[in-house]
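Participant: mind looking at a prediction? Sequence and model below.
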Amino acid sequence: MSTWAEFEAEAAEVAAFARRLWPGVIALARGGPVPSGAASFAVAYLATVRRDGAPRLHPFCPIIAGGRLFAAIPRSSPEGHDLRRDPRCVIHAMPGPGDDEFCIRATATDVTADIDTAALVRSVVARSGVGGMIESTLQDPLFEFDLQQVDVVTWVNIGEPGTHAVRRRWRAT
């Protein structure tokens, strides 16, 4: 499994999709300003495994800090319970221009008790000035995602005859 930084270093072309779909998240991670017109935090979807083995899907806002991928998950949300019991998950970004797709297969670890990690995440989120996210990172459990695989899809000639997908994949070594 790998960190976000390892993924970016090993698969720059695939990571470019994240920069397009999560411009605010990436800018905050790099300590820069959020691009004009971009949200500080993108909404993505987190799929977890319920106790009965069925999938569960939740919206959330990914956070990148210190070259690592995180989420602050409310205590009352069932997804945190799911991840503590079975850390396997999938993260899917909202489709981008031309219906571009960005999907991460990962495992999650509750890192709330790691004071240094919590401080790192909070410092990145604080730069955003987004009150709800600041509050969430202060009071809710923090999870870190270890990346196993990232898939991206670009659609060519979308809506035209001959529409087809171009797929790229990165796997952790």
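Facilitator: Good, I have the coordinates.
Participant: when you work out contacts or count neighbours from here on, use the C-alpha atoms and nothing else.
Facilitator: Fine.
Participant: mind checking the longest helix of this protein?
Facilitator: helix 115-128 (DSSP state H).
Participant: list the buried residues in it.
Facilitator: 117-118, 121-125, 127-128 (16 or more other C-alpha atoms under 10 Å).
Participant: on contacts alone, who are the packing partners of that helix?
Facilitator: Judged by 3 or more C-alpha pairs under 8 Å, 6 or more residues apart in numbering; DSSP states H and E, helix 115-128 is in contact with helix 23-29, strand 63-65, helix 131-139.
Participant: so what's the closest residue to residue 100 other than its chain neighbours up against?
Facilitator: The shortest distance from residue 100 to any non-neighbouring residue, by C-alpha to C-alpha, 6 or more residues apart in numbering, is to residue 154 (4.9 Å). Neighbouring residues of residue 154 by C-alpha atoms under 8 Å, 6 or more residues apart in numbering: 98-101, 165-167.
Participant: confirm residue 154 sits in a helix?
Facilitator: No - under the criterion used here (DSSP: H, G, I helix; E, B strand; the rest coil), residue 154 is strand, not part of a helix.
Participant: do you know how far it is from residue 47?
Facilitator: Applying C-alpha to C-alpha, to the nearest Å, the value for residue 154 to residue 47 is 22 Å.
Participant: what residues does stretch 36-43 touch?
Facilitator: 21-25, 28, 34, 59-63, 93-94, 128, 130.
Participant: buried residues in that stretch?
Facilitator: Buried-residue list, stretch 36-43, by 16+ other C-alpha under 10 Å: 40-43.
Participant: skipping its backbone neighbours, what lies nearest the most centrally placed residue in the chain in space?
Facilitator: For the chain, residue 62 is the residue whose C-alpha lies nearest the centre (C-alpha atoms, centre = their mean; 4.0 Å). Counting by C-alpha to C-alpha, 6+ apart, the nearest residue to residue 62 once its immediate chain neighbours are dropped is residue 71, at 5.4 Å.
Participant: which elements pack onto the helix or strand where the one you found lies?
Facilitator: Assessed by DSSP states H and E, residue 71 sits inside strand 68-72. Helices and strands touching strand 68-72, by 3+ C-alpha pairs under 8 Å, 6+ apart, are helix 4-10, strand 63-65, strand 142-156.
Participant: which one of these lies closest to residue 80?
Facilitator: strand 142-156 (8.3 Å; C-alpha to C-alpha).
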